[in-house]
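[1] Quick one, fold the following:
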Amino acid sequence: MGRVLITGGAGFIGSHLCERFLGDGHEVIAVDNLLTGDRDNIAHLFVNPKFTFLEQDITNYLYVAGDLDAILHFASPASPVDYLELPIQTLKVGSLGTHNALGLARARNARILVASTSEVYGDPLIHPQREDYWGNVNPIGPRGVYDEAKRFLEAMTMAYHRTHGVKTRIARIFNTYGPRMRMRDGRVVPNFMCQALKGEAITVYGDGSQTRSFCFVEDLVEGLTRLLWSDEAMPVNLGNPTEMSIHDFAVKIRDLAGSKSRVVFRELPVDDPKVRQPDITRARRILGWEPKVSLDEGLERTIRFFQGKLKGA
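    The predicted structure follows:
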């Protein structure tokens, strides 16, 4: 059993990673400045003697005493609402925060997995997206602060791997959903679910023909765990290759929630990708991984989570 550091450990995906690594018997240190993370996501873990939480901003420094076997770098605003409101913080955690995490991995001889994103592909000109595609990103658009922060994260990670021999892993994460997403996260799953459960109009941006692929968080965590302990240094797509239109997705959520909400359309945001679907051939071949949880099952479990949150609101 090892000692694992998870940055962004109080976030949506980070908190699920904390649970997974504690469940696997590791000692887990979660670091989060709670800018977009939530202490409630990890409150149930404080009773575990193998769990430690550090509230600090990793763009200033990242120091943890003692040995480390692995670092998972998940600190970052991750929804359009967040990184449009926090553009400088998003750029800093992708650059300075990544530099600090990689420096700690080098100092402790720890392997490190960094959380990249499908947004490195921008509004893609190939479909589905493979890891050898360089992307179509607008660096000065409003979404560029997130896209370019993650592209820099990948470049910095590969530099540490090639220059210092750090055992680095890069996960390009596609749309992921599940319990512990914030109600006001701004992404389609919490938006659609909260609107449907409240009986409000479900807001679709554009004409709803743009596509996305949705992976349940439990499946993603399994893929991340396998990637961390693998020997693969090049980027690996992790996501669900089943693609559907945003309009159809809104209707599915409405029906599963038993809602009578109507679907309304609003202007599409600048640089919003028209398609998004991972090619997971590399993940299947190298990790023996692919998603297992069906969309209906994952959405039903997430709806129950949001029903509970709304009752307690």
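
[2] hey, let's count contacts and neighbours off CA atoms from now on
    Noted.

[3] For this structure, give me the ranges with low pLDDT.
    313 (pLDDT under 70).

[4] Tell me which residues are up against the top helix by length along it.
    Secondary structure of the chain per DSSP state H: the longest helix is helix 144-164. Contacts to helix 144-164, defined as CA atoms under 8 Å, 6 or more residues apart in numbering, come from residues 78, 83, 87-88, 90-95, 98-99, 102, 106, 114, 116-117, 119-120, 122, 137-139, 166-168, 170, 233.

[5] can we see that at 6 Å?
    Helix 144-164 is contacted from outside by 87, 91, 94, 116, 119, 120, 138, 166, using CA atoms under 6 Å, 6 or more residues apart in numbering.

[6] what about burial for those, which qualify?
    When the contacts of helix 144-164 are checked for burial by 16 or more other CA atoms under 10 Å, the buried set is 87, 91, 94, 116, 119, 120, 166.

[7] could I get the residues you listed as TSV with distance to residue 5?
    Below are the buried ones among the contacts of helix 144-164 laid out as TSV (distance: CA to CA, whole Å):
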residue	distance to residue 5
87	25
91	22
94	17
116	17
119	25
120	25
166	16
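
[8] before we move on, the earlier item: can you list the strands that the helix or strand just after the longest helix of the chain pairs with?
    Downstream of helix 144-164, the first helix or strand assigned by DSSP states H and E is strand 168-173. The strands beside strand 168-173 in its sheet (DSSP bridges) come out as strand 111-117 (parallel), strand 236-238 (parallel).

[9] Which positions in the first one come out as buried?
    So that's strand 111-117. In terms of neighbour count (16+ other CA under 10 Å), strand 111-117 has its buried residues at 111, 112, 113, 114, 115, 116, 117.

[10] tell me which residues form a beta bridge with the third one?
    Beta-bridge pairing of residue 113 under DSSP bridges involves residue 72, residue 169.

[11] I figured it hits residue 169, correct?
    Yes - under the criterion of CA atoms under 6 Å, residue 113 makes contact with residue 169 at 4.4 Å.

[12] picking that back up, can I get the buried residues of strand 111-117 in JSON lines with distance to residue 50?
    As requested, the buried residues of strand 111-117 are exported to JSON lines (distance: CA to CA, whole Å):
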{"residue": "111", "distance to residue 50": "20"}
{"residue": "112", "distance to residue 50": "20"}
{"residue": "113", "distance to residue 50": "21"}
{"residue": "114", "distance to residue 50": "23"}
{"residue": "115", "distance to residue 50": "24"}
{"residue": "116", "distance to residue 50": "27"}
{"residue": "117", "distance to residue 50": "30"}
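
[13] right, and the pair among these with maximum separation?
    Greatest spatial distance among the buried residues of strand 111-117 (CA to CA): 111 and 117, at 19.4 Å.

[14] For this protein, just list every one of the strands.
    3-7, 27-32, 51-55, 70-73, 111-117, 168-173, 176-177, 202-205, 211-213, 215-216, 236-238, 243-245, 263-266 (DSSP state E).

[15] for those strands, which one sits closest to residue 290?
    strand 236-238 (8.3 Å).

[16] For residue 6, see how far away residue 110 is.
    Residue 110 sits 12 Å away from residue 6, going by CA to CA, to the nearest Å.

[17] more neighbours, those two?
    More neighbours surround residue 6 than the other of residue 110 and residue 6, with 26 against 21 (other CA atoms under 10 Å).

[18] Bridging across strands, which residues link to that one?
    residue 30, residue 72.

[19] what sits against it?
    Going by CA under 6 Å, 6+ apart, residue 6 touches 30, 71, 72.

[20] And residue 255, how far from residue 200?
    Relative to residue 200, and taking CA to CA, residue 255 is found at 14 Å.
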